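>>> Sequence first, predicted coordinates after that:
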Amino acid sequence: MMKVKSKISLAVVFLIFSIFFLVGLITFKNYGIWTDEEFQRSSGFYWLNYVLSFTPFENLKTSANEISAQIGGFSLPSIKGNESYGIIFDLPTAFIETVFEIEDSKNYFQFRHLLNFSIFFVSSIFFFKILLNRFDDYYLSIIGTLFYILSPRIYGSSFYNNKDIIFLSLLTIALYFCFKVFDKKNLKNLSIFALFGAILACSRILGIFLVISFLTFYLLSVFSNKKNLNSLFLISIFLILYFFFIIIFWPYLWSDAVKNFIFAIKFFSSYPLLPKMMFNGEYISSRFLPSSYIFVWVFVTTPILYTILFVIGYFQILKRFFLRLISIKENSIYNDFWRGINEKKDLFIFFNISVIVFFLVFYNTTLYNGWRHIYFLNVFFVYIAIIGLYQADVYLKKRYKKNFIFHISVLFLITVVYKMIVYHPFQSIYFNNYFNEISHEKFEIDMGGISGKKSLDKILSLEQNKNLINIGVASWLPLQRSIKLLDKAERKRIQVVGQEYDKADYIYTNFISEVDKNINDKYEIPSNFIKIDEYIVDGIKVYEIYKKKRN
């Protein structure tokens, strides 16, 4: 009977992952271009040229140089001075683009989107394995994985955000191997963890926090049990391998590893500033964020059940940790912060999310574009939410002898899927909209400029016989980058004139502004333009299109 149940569970898991990947495979071409994608592509070719300079592959060098020289555009920052950005995704992608001669801009951006999604898909498999290892329960692990996948903003961004979502994905994979070390501290597990921990750090230098946390927990285990000092030799090998892999996978460190590593940490200790951004109806500086910034953004953009379960799980772990802390006694078997490996894993997750959020709030770390810079916390958030789900299920079973919480979770996930279909392909602008009216007048909606392609398609459909269409932009968005996702013939028909509205036939706005529009009329629509189209999803206005009046 148990074997039959196990086979059914495996079949359900296989079916869910197959549907997930198939949906991504069918829809990846529907997504627009993100404002940072061209810069990341440029960074990939910059470092590809650097790596190829050590090789005899002259044809590849020539091709990579030619492609690199063609990358440019208004507002695109120079790689010089920004060399410390991680390249673990961009360099291999540039290499593939060069080797397979993917020349058309539409094709190479769609290829990047497919690859981006594929890495997120792989990370979801590892997250399932993390939960299965922790709970030994297929259905609980499946629900947790669905929480991970069906986080609308995360899912939508998984097709084009090759910074924050790649970092989340690599963190999830590295976390799995970290937990393997918790299960069994041997050279094999430590070596694999060193490899993926290094890859994580080469994606974003912040990734070193995972290894720092791991070492902190190792020291805690030594304090409680001196026998753990026997692993010191293995830990030393782990650190040597870790830094060796970082240097190998990050060309930025090849010229001066120590100096450049330290510079990268300093560079990313504070993100570049945005002049102004809209948050809860007010224009604020990215340097002086209210302490509620992270909590509000997470709350209004995350499905409400996930948040409720997270709160339950968080306080369950906190309560258990406090009870363990006050019961620690010297020369007793109860002299540790955890009882067994599972509690250690829970506390590890709790420790990481708590310390990171505390650091971000207390030191007023520069953030913008919502909470995308900390999307990586989603793996910790969902893990703790599943702790909450498990605790709620245990409580309700004792009281009512029913699986209420699982039924509620499944029904809720169906509503989330429905919302994601409604938002498609703009899941990345999802708001849960439960407690307050969300609008473009209170929050920045399309911060990544994903709606650019859809608006261009709309304008092209209105002007099928016109050879050249001049489009003004009443937004901070670099709309010209979205042109690269159009067919080659259509690209030639579009010319973006920015704020030179006197030259424009149409004006597009997605309401994103780096200046306070209450006191600065930089993006004010001229009176000789009339609104001809707007895109509204789930009651949220994403963009508007205006057309010049005929004389």
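Yep, that arrived.

>>> buried set for stretch 7-19?
Neighbour-count burial for stretch 7-19 flags 9, 13, 16, 17 (criterion: 16 or more other Cβ atoms under 10 Å). (Glycine included, C-beta is placed from N, CA and C.)

>>> just the CA coordinates of that stretch, formatted as PDB?
Taking Å, rounded to 0.1, in the frame of the first residue of the first chain, the C-alpha atoms of stretch 7-19 are listed here in PDB:
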ATOM      1  CA  LYS A   7       4.200   5.900  -6.800                       C
ATOM      2  CA  ILE A   8       1.100   8.100  -7.000                       C
ATOM      3  CA  SER A   9       3.000  10.900  -5.200                       C
ATOM      4  CA  LEU A  10       5.900  10.700  -7.600                       C
ATOM      5  CA  ALA A  11       3.400  10.800 -10.500                       C
ATOM      6  CA  VAL A  12       1.800  13.900  -9.100                       C
ATOM      7  CA  VAL A  13       5.200  15.600  -8.700                       C
ATOM      8  CA  PHE A  14       6.200  14.700 -12.200                       C
ATOM      9  CA  LEU A  15       2.900  16.000 -13.600                       C
ATOM     10  CA  ILE A  16       3.200  19.300 -11.800                       C
ATOM     11  CA  PHE A  17       6.800  19.900 -12.900                       C
ATOM     12  CA  SER A  18       5.900  18.900 -16.500                       C
ATOM     13  CA  ILE A  19       3.000  21.300 -16.600                       C
END
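
>>> hmm, back to that, now distance to residue 443 and pLDDT too, for the buried residues of stretch 7-19, in JSON lines please.
As requested, those are exported to JSON lines (distance: Cβ to Cβ, whole Å; pLDDT from 0 to 100):
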{"residue": "9", "distance to residue 443": "41", "pLDDT": "79"}
{"residue": "13", "distance to residue 443": "37", "pLDDT": "91"}
{"residue": "16", "distance to residue 443": "32", "pLDDT": "95"}
{"residue": "17", "distance to residue 443": "33", "pLDDT": "97"}
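
>>> Which residues are in contact with the residue nearest the centre of the chain?
With distances taken as Cα atoms, centre = their mean, the residue of the chain nearest its centroid is residue 165 (2.7 Å). Residue 165 sits next to 116, 119, 120, 154, 157, 158, 375 when contact means Cβ atoms under 8 Å, 6 or more residues apart in numbering.

>>> Quick check: which helices or strands does the biggest helix by length in the chain pack against?
As assigned by DSSP state H, the longest helix anywhere in the chain is helix 105-135. Helices and strands touching helix 105-135, as assessed by 3 or more Cβ pairs under 8 Å, 6 or more residues apart in numbering; DSSP states H and E, comprise helix 2-27, helix 37-52, helix 90-99, helix 138-149, helix 164-183, helix 340-362, helix 378-400.

>>> can I get those helices in TSV with distance to residue 197?
Output for the helices and strands packed on helix 105-135, formatted as TSV (distance: least, Cβ to Cβ, whole Å):
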stretch	distance to residue 197
helix 2-27	25
helix 37-52	21
helix 90-99	18
helix 138-149	20
helix 164-183	5
helix 340-362	13
helix 378-400	14
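
>>> Can you check which of those gets nearest to residue 246?
Checking the helices and strands packed on helix 105-135 against residue 246 by Cβ to Cβ gives helix 164-183 as the closest, at 12.5 Å.

>>> And the contacts of the following helix or strand past the closest one?
The helix or strand immediately downstream of helix 164-183 is helix 187-203, counting by DSSP states H and E. Helix 187-203 is contacted by residues 86-89, 166-167, 170-171, 173-174, 177-178, 180-181, 183, 207-208, 210-211, 214, 234-235, 237-239, 241-246, 248-250 when judged by Cβ under 8 Å, 6+ apart.

>>> now helix 187-203 against helix 90-99, angle please.
Angle of helix 187-203 versus helix 90-99, following axes from the mean of the first three to the mean of the last three Cα atoms, to 10 degrees, is 80 degrees.

>>> could you give the angle of helix 187-203 to helix 105-135?
140 degrees.

>>> Please tell me how far the closest residue to residue 77 other than its chain neighbours sits from residue 458.
Leaving aside its sequence neighbours, residue 77 sits nearest to residue 39 (Cβ to Cβ, 6 or more residues apart in numbering; 6.0 Å). In this view, residue 39 and residue 458 are 26 Å apart by Cβ to Cβ, to the nearest Å.

>>> quick one, which of those two is more surrounded?
Under the criterion of other Cβ atoms under 10 Å, the comparison of residue 39 against residue 458 puts residue 39 first, with 22 against 17.
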